[in-house]
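**Q** generate a structure from the sequence data that follows.
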Amino acid sequence: MAPRSIRKGFDWGRVRVAALIVVALLMLVFAVYKAGEVFDVFADRYELITLLPDAAGLREGNAVTVAGQRIGEVEEIEFIPLERQRGGHHLQLRLSVASEVREQIRGDSRTRVRAQGVLGDKFLDISPGTAGARVLMPGDTLESDTPIDYEEVLARAAGMIDEAETVIVNLQEVTGSIARGEGALGQLLTDDVLYERVVLTTTELARTLHDVNTSDGTIGRLLHDPAIYNRLSNALASLDSLTGTLTRSEGTLGRLVHSDSLYNALTGTAARADSVLAQMETLAQGMHSGEGTIARLVNDPQLYDELLKSVVDLQTLLLDIRENPDRYSPRIDIF
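**A** Predicted structure coming up:
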């Protein structure tokens, strides 16, 4: 039997496998290139330093952004030796930053730890500087702002939620008591008699206001008559003028309000009046006790009678002198 001839030909299966591998490698290279563009893997970089009191969950390899745009990563986080710590900062971060954004990072730029959402990954954001500040060079230190303590924020939010729940419970109790007709507001909503009384009172009040607004009485004239308003305005102006006069120490009353000498004089006069009243009180007490001539004159009826008799005799003598003056004329005999 003749040997079977082996027919050698081109293996298309292997070609297809090789082509698939090449395409996969090209796609992998393209993906790596795109990832390098996204994460700035192939960009020229320079190093900056920043100091933080607390990393707040930030780790090595986390993103560094400028105005929200990724420009590098946190290369290293290390503790600052105690003897070199200043301003409450405990950590030193070395940042690897793309050189193409060097013009944006200046002396007045600030770093702050932020989060992607409330509970997302942390990243370090750098605020853009201003044109008047100098551009930071490699190795320079960026000032930092105090990071936000999200745990404290959540604790405060939890406290506010508890307070809101308490308010809601209290509100439910209030609305429940009103619905049950408890209290004035509840009775107003459920008691028809009280409601009718309130409506009647409101109607009477509206009628009274209408009468005041349309009547010619004192209140109506006070509301509508400009002459009364002008008089009140003039009276207030006069009162203001009087108050100003008192404030400027003009007039007796103004001097009485502001002058210490006039006050002292009045005080002295009052003191002297008190002394006179004391003496009069002493005199009255003496008269009441029967001491002295006046007291005896007031209390002794015999002395009063004698004094009255003397007065009557004196009046009789004076009357006789007027009627018979010759009787009392002196006589001088020369021979």
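**Q** so for the most centrally placed residue in the chain, what pLDDT did the model give?
**A** Against the mean C-alpha coordinate of the chain, by CA atoms, centre = their mean, the closest residue is residue 160 at 22.0 Å. Looking at residue 160, its pLDDT reads 88.
**Q** got it, and the one 3 residues further on?
**A** At residue 163 the predicted local distance difference test score is 88.
**Q** try residue 238
**A** On the pLDDT scale, residue 238 is placed at 81.
**Q** go on, residue 329?
**A** For residue 329, pLDDT reads 63.
**Q** do residue 234 as well
**A** In this model, residue 234 is scored at 81, pLDDT.
**Q** tell me which helix or strand comes right after the helix or strand that contains the residue nearest to the centre of the chain.
**A** Residue 160 belongs to helix 150-179 when assigned by DSSP states H and E. Moving toward the C-terminus from helix 150-179, the next helix or strand (DSSP H and E) is helix 183-190.
**Q** tell me the angle the following helix or strand past that next one makes with helix 183-190.
**A** Sequence order places helix 192-214 as the next helix or strand after helix 183-190, per DSSP H and E. For helix 192-214 against helix 183-190, the angle by axes from the mean of the first three to the mean of the last three CA atoms, to 10 degrees is 100 degrees.
**Q** quick check: buried residues in helix 192-214?
**A** Within helix 192-214, no residue is scored as buried using 16 or more other CB atoms under 10 Å. C-betas here are computed from N, CA, C, even on glycine.
**Q** helices of the stretch 201-335 of the chain, start to end?
**A** Assigned by DSSP state H, counting those that start in this stretch, the helices in the stretch 201-335 of the chain fall at 218-224, 226-247, 251-258, 260-289, 292-299, 301-323.
**Q** can you report how many residues neighbour residue 73?
**A** Other residues lying near residue 73 total 19 when counted by other CB atoms under 10 Å.
**Q** that one pairs with what?
**A** For residue 73, the beta-bridge partners are residue 63, residue 96 (DSSP bridges).
**Q** that one is in contact with residue 58, isn't it?
**A** No. Counting by CB atoms under 8 Å, residue 73 sits too far from residue 58 to count as a contact (10.9 Å).
**Q** lowest-pLDDT helix or strand in this protein?
**A** Counting by mean pLDDT, DSSP states H and E, the chain has its least confident helix or strand at helix 292-299, which shows a mean of 63.
**Q** tell me where the stretch 201-335 of the chain is predicted with low confidence.
**A** 215-223, 225, 246, 249-259, 262-263, 286-300, 303, 328-335 (pLDDT under 70).
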